[in-house]
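Novice: generate a structure from the sequence data that follows.
(chains A and B)
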2 protein chains.
Amino acid sequence: MPRIVAATIAEHRRIQRKAIMDAARELLAETGRAPSLAEVGKRAGLPRSTVYEYVRSRDDLLAAVVADVFPDWASSIRDAIESAPTPGEKIWAYVASNVAFFAGAEQTIARALGSVVDPAVLRGPMQEFHTALQEPLRRALGDLGEAEPEIVADLIDAMLLSATKEIRARQRQSTRAEQDSVLAPVRRLLGPYLRLPDNPTATASAEG
Amino acid sequence: MPRIVAATIAEHRRIQRKAIMDAARELLAETGRAPSLAEVGKRAGLPRSTVYEYVRSRDDLLAAVVADVFPDWASSIRDAIESAPTPGEKIWAYVASNVAFFAGAEQTIARALGSVVDPAVLRGPMQEFHTALQEPLRRALGDLGEAEPEIVADLIDAMLLSATKEIRARQRQSTRAEQDSVLAPVRRLLGPYLRLPDNPTATASAEG
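Specialist: As a prediction, this is how the structure comes out:
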(Lines give C-alpha, C1' and ligand atoms only; values in the text may rest on other atoms or scores of the structure.)
Protein backbone atom coordinates (compact mmCIF):
# COMPACT_ATOMS: atom_id res chain seq x y z
CA MET A 1 0.00 0.00 0.00
CA PRO A 2 1.51 3.41 -0.99
CA ARG A 3 2.65 5.48 2.01
CA ILE A 4 0.18 8.29 1.27
CA VAL A 5 -2.81 5.90 1.37
CA ALA A 6 -1.55 4.31 4.60
CA ALA A 7 -1.24 7.76 6.15
CA THR A 8 -4.76 8.62 5.10
CA ILE A 9 -6.13 5.36 6.47
CA ALA A 10 -4.25 5.90 9.72
CA GLU A 11 -5.64 9.42 9.94
CA HIS A 12 -9.15 8.15 9.19
CA ARG A 13 -8.85 5.58 11.95
CA ARG A 14 -7.48 8.18 14.36
CA ILE A 15 -10.48 10.43 13.71
CA GLN A 16 -12.96 7.55 14.12
CA ARG A 17 -11.31 6.43 17.34
CA LYS A 18 -11.38 9.98 18.68
CA ALA A 19 -15.11 10.30 17.86
CA ILE A 20 -15.77 7.09 19.80
CA MET A 21 -13.72 8.16 22.81
CA ASP A 22 -15.27 11.66 22.85
CA ALA A 23 -18.75 10.11 22.73
CA ALA A 24 -17.88 7.75 25.58
CA ARG A 25 -16.60 10.64 27.74
CA GLU A 26 -19.64 12.77 26.98
CA LEU A 27 -22.03 9.98 27.92
CA LEU A 28 -20.09 9.23 31.10
CA ALA A 29 -20.20 12.92 32.08
CA GLU A 30 -23.92 13.20 31.30
CA THR A 31 -25.18 9.99 32.85
CA GLY A 32 -22.53 9.05 35.43
CA ARG A 33 -22.60 5.44 34.22
CA ALA A 34 -20.84 3.30 31.62
CA PRO A 35 -22.51 3.64 28.18
CA SER A 36 -23.20 0.63 25.94
CA LEU A 37 -21.30 0.37 22.66
CA ALA A 38 -24.61 0.96 20.83
CA GLU A 39 -25.12 4.24 22.73
CA VAL A 40 -21.56 5.27 21.96
CA GLY A 41 -22.04 4.50 18.24
CA LYS A 42 -25.26 6.49 18.16
CA ARG A 43 -23.65 9.52 19.82
CA ALA A 44 -20.55 9.30 17.57
CA GLY A 45 -22.66 8.87 14.43
CA LEU A 46 -21.04 5.50 13.65
CA PRO A 47 -22.60 2.08 13.13
CA ARG A 48 -22.12 -0.31 16.01
CA SER A 49 -20.06 -2.61 13.76
CA THR A 50 -17.55 0.22 13.32
CA VAL A 51 -17.40 0.81 17.09
CA TYR A 52 -16.54 -2.90 17.49
CA GLU A 53 -13.49 -2.41 15.25
CA TYR A 54 -12.01 -0.21 18.01
CA VAL A 55 -13.35 -1.64 21.25
CA ARG A 56 -14.59 -5.17 21.82
CA SER A 57 -16.65 -4.68 24.99
CA ARG A 58 -17.86 -2.11 27.47
CA ASP A 59 -14.93 -2.97 29.77
CA ASP A 60 -12.56 -2.51 26.87
CA LEU A 61 -14.14 0.89 26.17
CA LEU A 62 -13.77 1.97 29.81
CA ALA A 63 -10.14 0.85 29.88
CA ALA A 64 -9.52 2.95 26.75
CA VAL A 65 -11.24 5.96 28.34
CA VAL A 66 -9.07 5.57 31.45
CA ALA A 67 -5.92 5.27 29.33
CA ASP A 68 -6.84 8.47 27.47
CA VAL A 69 -8.42 10.83 29.96
CA PHE A 70 -5.81 11.05 32.69
CA PRO A 71 -2.90 11.93 30.36
CA ASP A 72 -5.21 14.38 28.51
CA TRP A 73 -6.22 16.09 31.74
CA ALA A 74 -2.65 16.16 32.99
CA SER A 75 -1.36 17.77 29.82
CA SER A 76 -4.11 20.42 29.82
CA ILE A 77 -3.30 21.39 33.43
CA ARG A 78 0.43 21.32 32.65
CA ASP A 79 -0.18 23.61 29.67
CA ALA A 80 -1.97 26.09 31.95
CA ILE A 81 1.00 26.02 34.34
CA GLU A 82 3.62 26.35 31.59
CA SER A 83 1.93 29.31 29.95
CA ALA A 84 1.81 31.39 33.15
CA PRO A 85 4.62 33.99 33.27
CA THR A 86 5.99 33.95 36.85
CA PRO A 87 6.52 31.12 39.39
CA GLY A 88 3.74 32.58 41.52
CA GLU A 89 1.36 32.75 38.56
CA LYS A 90 2.30 29.17 37.60
CA ILE A 91 1.38 27.96 41.08
CA TRP A 92 -1.84 29.92 40.89
CA ALA A 93 -2.56 28.35 37.46
CA TYR A 94 -2.15 24.94 39.13
CA VAL A 95 -4.66 25.92 41.82
CA ALA A 96 -7.17 27.43 39.37
CA SER A 97 -7.01 24.52 36.91
CA ASN A 98 -7.48 22.02 39.72
CA VAL A 99 -10.59 23.91 40.82
CA ALA A 100 -11.81 23.99 37.19
CA PHE A 101 -11.13 20.25 37.00
CA PHE A 102 -13.17 19.54 40.15
CA ALA A 103 -15.93 21.88 38.94
CA GLY A 104 -16.25 20.49 35.43
CA ALA A 105 -17.02 17.48 33.29
CA GLU A 106 -13.66 15.92 34.24
CA GLN A 107 -14.77 15.42 37.82
CA THR A 108 -18.08 13.89 36.65
CA ILE A 109 -16.17 11.51 34.35
CA ALA A 110 -13.63 10.66 37.07
CA ARG A 111 -16.43 9.93 39.52
CA ALA A 112 -18.32 7.82 36.96
CA LEU A 113 -15.14 5.87 36.21
CA GLY A 114 -14.60 5.42 39.93
CA SER A 115 -17.98 3.74 40.25
CA VAL A 116 -17.87 1.54 37.13
CA VAL A 117 -14.19 0.58 36.75
CA ASP A 118 -12.23 -1.86 38.93
CA PRO A 119 -10.24 0.33 41.39
CA ALA A 120 -7.09 -1.62 40.46
CA VAL A 121 -7.44 -0.39 36.85
CA LEU A 122 -7.68 3.24 37.98
CA ARG A 123 -4.88 3.21 40.54
CA GLY A 124 -1.92 3.41 38.13
CA PRO A 125 -3.32 6.13 35.81
CA MET A 126 -4.52 8.23 38.77
CA GLN A 127 -1.13 7.95 40.43
CA GLU A 128 0.58 9.00 37.19
CA PHE A 129 -1.89 11.89 36.87
CA HIS A 130 -1.02 13.09 40.36
CA THR A 131 2.74 12.75 39.73
CA ALA A 132 2.49 14.52 36.36
CA LEU A 133 0.91 17.53 38.10
CA GLN A 134 3.16 17.54 41.15
CA GLU A 135 6.29 17.84 39.07
CA PRO A 136 5.60 21.30 37.51
CA LEU A 137 4.06 22.52 40.79
CA ARG A 138 7.20 21.62 42.73
CA ARG A 139 9.43 23.14 40.07
CA ALA A 140 7.49 26.43 40.23
CA LEU A 141 7.71 26.39 44.04
CA GLY A 142 11.46 25.91 43.80
CA ASP A 143 11.68 28.80 41.31
CA LEU A 144 9.67 30.93 43.75
CA GLY A 145 12.45 30.33 46.29
CA GLU A 146 10.66 27.76 48.44
CA ALA A 147 13.19 25.62 50.31
CA GLU A 148 10.87 22.61 50.71
CA PRO A 149 8.78 22.45 47.53
CA GLU A 150 7.49 18.93 48.17
CA ILE A 151 6.08 19.76 51.58
CA VAL A 152 4.53 23.03 50.43
CA ALA A 153 3.04 21.26 47.38
CA ASP A 154 1.31 18.92 49.85
CA LEU A 155 0.07 21.90 51.90
CA ILE A 156 -1.39 23.47 48.75
CA ASP A 157 -3.05 20.18 47.78
CA ALA A 158 -4.54 19.84 51.26
CA MET A 159 -5.99 23.35 50.96
CA LEU A 160 -7.34 22.55 47.50
CA LEU A 161 -9.12 19.45 48.79
CA SER A 162 -10.66 21.47 51.63
CA ALA A 163 -11.67 24.34 49.33
CA THR A 164 -13.26 22.05 46.72
CA LYS A 165 -15.07 19.75 49.16
CA GLU A 166 -18.51 21.07 48.20
CA ILE A 167 -18.00 21.27 44.44
CA ARG A 168 -16.52 17.75 44.39
CA ALA A 169 -19.58 16.39 46.20
CA ARG A 170 -22.02 18.01 43.75
CA GLN A 171 -23.90 15.80 41.32
CA ARG A 172 -23.80 18.60 38.73
CA GLN A 173 -21.01 20.68 37.24
CA SER A 174 -20.30 23.96 39.03
CA THR A 175 -20.81 27.36 37.46
CA ARG A 176 -18.03 29.83 36.82
CA ALA A 177 -19.34 31.99 39.69
CA GLU A 178 -19.18 28.99 42.03
CA GLN A 179 -15.60 28.32 40.96
CA ASP A 180 -14.70 31.96 41.57
CA SER A 181 -16.16 31.87 45.06
CA VAL A 182 -14.06 28.76 45.81
CA LEU A 183 -10.94 30.48 44.50
CA ALA A 184 -11.37 33.84 46.28
CA PRO A 185 -10.37 32.81 49.85
CA VAL A 186 -7.58 30.56 48.53
CA ARG A 187 -6.19 33.52 46.58
CA ARG A 188 -6.34 35.81 49.61
CA LEU A 189 -4.42 33.21 51.63
CA LEU A 190 -1.84 32.24 49.00
CA GLY A 191 -1.58 35.53 47.11
CA PRO A 192 0.96 37.23 49.42
CA TYR A 193 3.17 34.11 49.49
CA LEU A 194 2.97 33.79 45.69
CA ARG A 195 3.45 37.58 45.30
CA LEU A 196 0.30 37.83 43.20
CA PRO A 197 -1.44 41.20 42.71
CA ASP A 198 -3.83 41.81 45.64
CA ASN A 199 -7.02 41.46 43.67
CA PRO A 200 -6.92 41.71 39.88
CA THR A 201 -10.46 43.11 39.57
CA ALA A 202 -9.96 45.77 42.24
CA THR A 203 -6.61 46.82 40.71
CA ALA A 204 -8.13 47.05 37.24
CA SER A 205 -11.03 49.24 38.40
CA ALA A 206 -8.71 51.42 40.52
CA GLU A 207 -6.54 52.00 37.45
CA GLY A 208 -9.44 52.39 34.98
CA MET B 1 -19.63 21.24 109.87
CA PRO B 2 -17.97 24.69 110.08
CA ARG B 3 -17.48 26.33 106.71
CA ILE B 4 -13.67 26.42 107.05
CA VAL B 5 -13.48 22.66 107.59
CA ALA B 6 -15.80 22.00 104.66
CA ALA B 7 -13.61 24.18 102.47
CA THR B 8 -10.53 22.28 103.59
CA ILE B 9 -12.17 18.93 102.94
CA ALA B 10 -13.33 20.11 99.52
CA GLU B 11 -9.80 21.30 98.76
CA HIS B 12 -8.36 18.00 99.99
CA ARG B 13 -10.73 16.09 97.73
CA ARG B 14 -9.91 18.35 94.78
CA ILE B 15 -6.20 17.66 95.25
CA GLN B 16 -6.72 13.91 95.56
CA ARG B 17 -8.93 13.82 92.50
CA LYS B 18 -6.37 15.82 90.52
CA ALA B 19 -3.60 13.42 91.57
CA ILE B 20 -5.71 10.51 90.31
CA MET B 21 -6.52 12.18 87.01
CA ASP B 22 -2.91 13.27 86.44
CA ALA B 23 -1.74 9.70 87.12
CA ALA B 24 -4.31 8.31 84.69
CA ARG B 25 -3.20 10.73 81.95
CA GLU B 26 0.47 9.97 82.53
CA LEU B 27 -0.09 6.24 82.34
CA LEU B 28 -2.22 6.61 79.20
CA ALA B 29 0.50 8.72 77.57
CA GLU B 30 3.25 6.29 78.56
CA THR B 31 1.57 3.01 77.74
CA GLY B 32 -1.12 3.89 75.21
CA ARG B 33 -3.63 1.73 77.05
CA ALA B 34 -6.16 2.13 79.87
CA PRO B 35 -4.49 1.74 83.31
CA SER B 36 -6.07 -0.31 86.10
CA LEU B 37 -7.26 1.52 89.21
CA ALA B 38 -4.45 -0.20 91.15
CA GLU B 39 -1.85 1.19 88.73
CA VAL B 40 -3.39 4.64 89.01
CA GLY B 41 -3.31 4.45 92.82
CA LYS B 42 0.32 3.38 92.79
CA ARG B 43 1.34 6.23 90.50
CA ALA B 44 -0.69 8.79 92.47
CA GLY B 45 0.67 7.50 95.79
CA LEU B 46 -2.82 6.70 97.05
CA PRO B 47 -4.29 3.42 98.34
CA ARG B 48 -6.64 1.70 95.91
CA SER B 49 -9.50 2.18 98.38
CA THR B 50 -9.04 5.96 98.07
CA VAL B 51 -9.04 5.75 94.26
CA TYR B 52 -12.39 3.91 94.50
CA GLU B 53 -13.84 6.90 96.33
CA TYR B 54 -13.44 8.90 93.13
CA VAL B 55 -13.91 6.40 90.30
CA ARG B 56 -15.77 3.12 90.52
CA SER B 57 -14.29 1.32 87.50
CA ARG B 58 -11.81 1.60 84.69
CA ASP B 59 -14.60 2.82 82.37
CA ASP B 60 -15.57 5.40 84.93
CA LEU B 61 -11.94 6.55 85.11
CA LEU B 62 -11.71 6.85 81.31
CA ALA B 63 -14.96 8.80 81.17
CA ALA B 64 -13.55 11.19 83.79
CA VAL B 65 -10.31 11.57 81.80
CA VAL B 66 -12.31 12.36 78.65
CA ALA B 67 -14.46 14.88 80.54
CA ASP B 68 -11.31 16.62 81.85
CA VAL B 69 -8.72 16.52 79.09
CA PHE B 70 -10.55 18.10 76.19
CA PRO B 71 -11.64 21.25 78.08
CA ASP B 72 -8.12 21.46 79.62
CA TRP B 73 -6.46 21.22 76.22
CA ALA B 74 -8.89 23.68 74.67
CA SER B 75 -8.28 26.25 77.39
CA SER B 76 -4.49 25.93 77.12
CA ILE B 77 -4.61 26.49 73.33
CA ARG B 78 -7.09 29.36 73.82
CA ASP B 79 -4.73 30.94 76.36
CA ALA B 80 -1.90 30.79 73.82
CA ILE B 81 -4.13 32.49 71.25
CA GLU B 82 -5.40 35.16 73.67
CA SER B 83 -1.92 36.12 74.85
CA ALA B 84 -0.58 36.77 71.33
CA PRO B 85 -0.53 40.52 70.52
CA THR B 86 -1.77 40.84 66.89
CA PRO B 87 -4.45 38.95 64.89
CA GLY B 88 -1.67 37.42 62.76
CA GLU B 89 0.28 36.31 65.84
CA LYS B 90 -2.92 34.89 67.36
CA ILE B 91 -3.51 32.78 64.25
CA TRP B 92 0.11 31.68 64.33
CA ALA B 93 -0.30 30.78 68.03
CA TYR B 94 -3.25 28.59 67.00
CA VAL B 95 -1.06 26.85 64.40
CA ALA B 96 1.93 26.42 66.72
CA SER B 97 -0.13 25.13 69.64
CA ASN B 98 -1.89 22.64 67.39
CA VAL B 99 1.48 21.35 66.23
CA ALA B 100 2.65 21.17 69.86
CA PHE B 101 -0.55 19.29 70.69
CA PHE B 102 0.03 16.75 67.91
CA ALA B 103 3.69 16.44 68.88
CA GLY B 104 3.16 15.95 72.60
CA ALA B 105 1.64 13.83 75.31
CA GLU B 106 -1.85 15.13 74.41
CA GLN B 107 -1.77 13.32 71.08
CA THR B 108 -0.61 10.10 72.77
CA ILE B 109 -3.44 10.40 75.29
CA ALA B 110 -5.99 11.23 72.59
CA ARG B 111 -4.86 8.23 70.54
CA ALA B 112 -4.96 5.94 73.59
CA LEU B 113 -8.46 7.19 74.44
CA GLY B 114 -9.47 6.61 70.81
CA SER B 115 -8.48 2.96 71.10
CA VAL B 116 -9.93 2.19 74.55
CA VAL B 117 -13.04 4.37 74.80
CA ASP B 118 -16.34 3.86 72.97
CA PRO B 119 -16.26 6.30 70.01
CA ALA B 120 -19.72 7.54 71.02
CA VAL B 121 -18.27 8.74 74.35
CA LEU B 122 -15.52 10.70 72.59
CA ARG B 123 -17.64 12.30 69.86
CA GLY B 124 -19.25 15.05 71.96
CA PRO B 125 -16.10 16.19 73.84
CA MET B 126 -13.99 16.12 70.64
CA GLN B 127 -16.61 18.15 68.78
CA GLU B 128 -16.69 20.68 71.63
CA PHE B 129 -12.88 20.77 71.62
CA HIS B 130 -12.86 21.55 67.90
CA THR B 131 -15.57 24.23 68.28
CA ALA B 132 -13.80 25.80 71.26
CA LEU B 133 -10.66 26.26 69.14
CA GLN B 134 -12.41 27.36 65.96
CA GLU B 135 -14.10 30.27 67.68
CA PRO B 136 -10.94 32.27 68.62
CA LEU B 137 -9.29 31.31 65.30
CA ARG B 138 -12.22 32.70 63.31
CA ARG B 139 -12.34 35.81 65.46
CA ALA B 140 -8.64 36.48 64.85
CA LEU B 141 -9.13 35.92 61.11
CA GLY B 142 -11.97 38.42 61.12
CA ASP B 143 -9.76 40.91 63.00
CA LEU B 144 -7.04 40.34 60.39
CA GLY B 145 -9.56 41.54 57.78
CA GLU B 146 -10.43 38.16 56.30
CA ALA B 147 -13.87 38.30 54.65
CA GLU B 148 -14.60 34.57 55.00
CA PRO B 149 -13.04 33.53 58.34
CA GLU B 150 -14.86 30.18 58.46
CA ILE B 151 -13.59 29.02 55.08
CA VAL B 152 -10.04 30.21 55.73
CA ALA B 153 -10.10 28.51 59.17
CA ASP B 154 -10.90 25.27 57.32
CA LEU B 155 -8.03 25.88 54.87
CA ILE B 156 -5.63 26.40 57.78
CA ASP B 157 -6.88 23.24 59.48
CA ALA B 158 -6.44 21.26 56.26
CA MET B 159 -2.84 22.51 56.02
CA LEU B 160 -2.25 21.64 59.67
CA LEU B 161 -3.47 18.08 59.14
CA SER B 162 -1.19 17.70 56.11
CA ALA B 163 1.81 19.24 57.91
CA THR B 164 1.39 17.06 61.02
CA LYS B 165 0.69 13.78 59.21
CA GLU B 166 4.03 12.28 60.20
CA ILE B 167 4.16 13.49 63.79
CA ARG B 168 0.57 12.33 64.37
CA ALA B 169 1.45 8.85 63.11
CA ARG B 170 4.48 8.54 65.42
CA GLN B 171 4.28 6.16 68.37
CA ARG B 172 6.51 8.51 70.39
CA GLN B 173 6.31 12.22 71.21
CA SER B 174 8.12 14.51 68.79
CA THR B 175 11.12 16.62 69.74
CA ARG B 176 11.14 20.39 69.67
CA ALA B 177 13.40 20.27 66.57
CA GLU B 178 10.86 18.02 64.83
CA GLN B 179 8.07 20.45 65.70
CA ASP B 180 10.13 23.35 64.36
CA SER B 181 10.73 21.57 61.08
CA VAL B 182 6.97 20.98 60.74
CA LEU B 183 6.28 24.65 61.45
CA ALA B 184 8.91 26.15 59.12
CA PRO B 185 7.19 25.56 55.73
CA VAL B 186 3.77 26.43 57.20
CA ARG B 187 5.19 29.71 58.46
CA ARG B 188 6.75 30.53 55.08
CA LEU B 189 3.38 29.90 53.42
CA LEU B 190 1.15 31.67 55.97
CA GLY B 191 3.59 34.34 57.19
CA PRO B 192 2.96 36.90 54.42
CA TYR B 193 -0.84 36.51 54.72
CA LEU B 194 -0.62 36.86 58.52
CA ARG B 195 1.89 39.73 58.16
CA LEU B 196 4.35 37.95 60.44
CA PRO B 197 8.05 38.91 60.47
CA ASP B 198 9.86 36.98 57.71
CA ASN B 199 11.92 34.80 59.99
CA PRO B 200 12.20 35.74 63.66
CA THR B 201 15.66 34.15 64.09
CA ALA B 202 17.12 35.81 61.00
CA THR B 203 15.71 39.20 62.03
CA ALA B 204 17.09 38.86 65.56
CA SER B 205 20.57 37.97 64.38
CA ALA B 206 20.53 40.74 61.72
CA GLU B 207 19.65 43.25 64.42
CA GLY B 208 22.02 41.84 67.06
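Novice: now the residue positioned nearest the centre of chain A: how far from B:Met126?
Specialist: Most central residue of chain A, judged by C-alpha distance to the mean C-alpha position with C-alpha atoms, centre = their mean, is A:Trp73 at 3.4 Å. Distance, A:Trp73 to B:Met126, using C-beta to C-beta, to the nearest Å: 37 Å. Backbone N, C-alpha and C define where each C-beta goes, glycine included.
Novice: before we move on, what about A:Glu128?
Specialist: Using C-beta to C-beta, A:Glu128 is found at 37 Å from B:Met126.
Novice: more neighbours: which of these two?
Specialist: Between A:Glu128 and B:Met126, counting by other C-beta atoms under 10 Å in any protein chain shown, B:Met126 is the more crowded of the two (16 against 13).
Novice: any idea of the mean pLDDT for the helix or strand encompassing the more buried one?
Specialist: B:Met126 is part of helix B:119-144, with elements assigned from DSSP states H and E. Across helix B:119-144, pLDDT averages out at 92.
Novice: show me what counts as buried in that helix.
Specialist: Neighbour-count burial for helix B:119-144, counted by 16 or more other C-beta atoms under 10 Å in any protein chain shown, picks out B:122, B:125-126, B:129, B:132-134, B:136-141, B:144.
Novice: does A:Val95 really touch A:Leu160, like I thought?
Specialist: Yes. In this structure A:Val95 lies within contact range of A:Leu160 using C-beta atoms under 8 Å: 6.4 Å.
Novice: got the buried residues for the longest helix along chain A?
Specialist: Taking residue count as the measure and DSSP state H as the definition, the longest helix of chain A comes out as helix A:3-31. Residues of helix A:3-31 classed as buried: A:16-17, A:19-21, A:23-29 (neighbour count, 16+ other C-beta under 10 Å).
Novice: identify, from those, the entry nearest to chain B.
Specialist: The shortest separation between chain B and any of the buried residues of helix A:3-31 is 27.6 Å, and it belongs to A:Ala29 (by C-beta to the nearest C-beta).
Novice: state the pLDDT value of the closest one.
Specialist: Note for A:Ala29: predicted pLDDT of 87.
Novice: quick one: residues contacting it.
Specialist: Contacts here follow C-beta atoms under 8 Å, 6 or more residues apart in numbering or on different chains; on that basis A:Ala29 touches A:105, A:108-109, A:112.
Novice: between A:Val95 and A:Leu160, what contacts are shared?
Specialist: A:Val186.
Novice: can you give me the helices in chain A?
Specialist: Shown for chain A, the helices assigned by DSSP H span residues A:3-31, A:37-44, A:48-54, A:58-82, A:87-103, A:105-116, A:119-144, A:149-163, A:165-169, A:176-194, A:200-207.
Novice: can I get those in a markdown table with distance to B:Leu62?
Specialist: Rendered in a markdown table, the data for these read as follows (distance: least, C-beta to C-beta, whole Å):
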| stretch | distance to B:Leu62 |
| --- | --- |
| helix A:3-31 | 50 |
| helix A:37-44 | 58 |
| helix A:48-54 | 62 |
| helix A:58-82 | 47 |
| helix A:87-103 | 41 |
| helix A:105-116 | 39 |
| helix A:119-144 | 38 |
| helix A:149-163 | 32 |
| helix A:165-169 | 33 |
| helix A:176-194 | 39 |
| helix A:200-207 | 54 |
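Novice: just so I know, which of those helices lies nearest B:Ala34?
Specialist: helix A:149-163 (32.8 Å; C-beta to C-beta).
Novice: ok and that closest one relative to helix A:119-144, angle-wise?
Specialist: Computed with axes from the mean of the first three to the mean of the last three C-alpha atoms, to 10 degrees, the direction of helix A:149-163 lies at 120 degrees from that of helix A:119-144.
Novice: and chain A, which of its residues are near chain B?
Specialist: Applying the criterion C-beta under 8 Å from any C-beta of the partner chain, the portion of chain A that neighbours chain B consists of A:146-148, A:151-152, A:154-155, A:157-159, A:161-163, A:184-186, A:188-193.
Novice: isn't A:Leu61 right up against A:Gly41?
Specialist: No. Using C-beta under 8 Å, A:Leu61 is not in contact with A:Gly41, being 10.9 Å away.
Novice: neighbour-wise, which of those two wins?
Specialist: The neighbour count for A:Leu61 versus A:Gly41, taken as other C-beta under 10 Å, is higher for A:Leu61 (23 against 20).
Novice: find me the pLDDT at the more buried one, would you?
Specialist: 93.
Novice: how close does the residue nearest to it when sequence neighbours are not counted sit to chain B?
Specialist: In space, A:Leu61 comes closest to A:Val55 once its chain neighbours are excluded; the distance is 4.4 Å by C-beta to C-beta, 6 or more residues apart in numbering or on different chains. Distance of A:Val55 to chain B, given as C-beta to the nearest C-beta, to the nearest Å: 40 Å.
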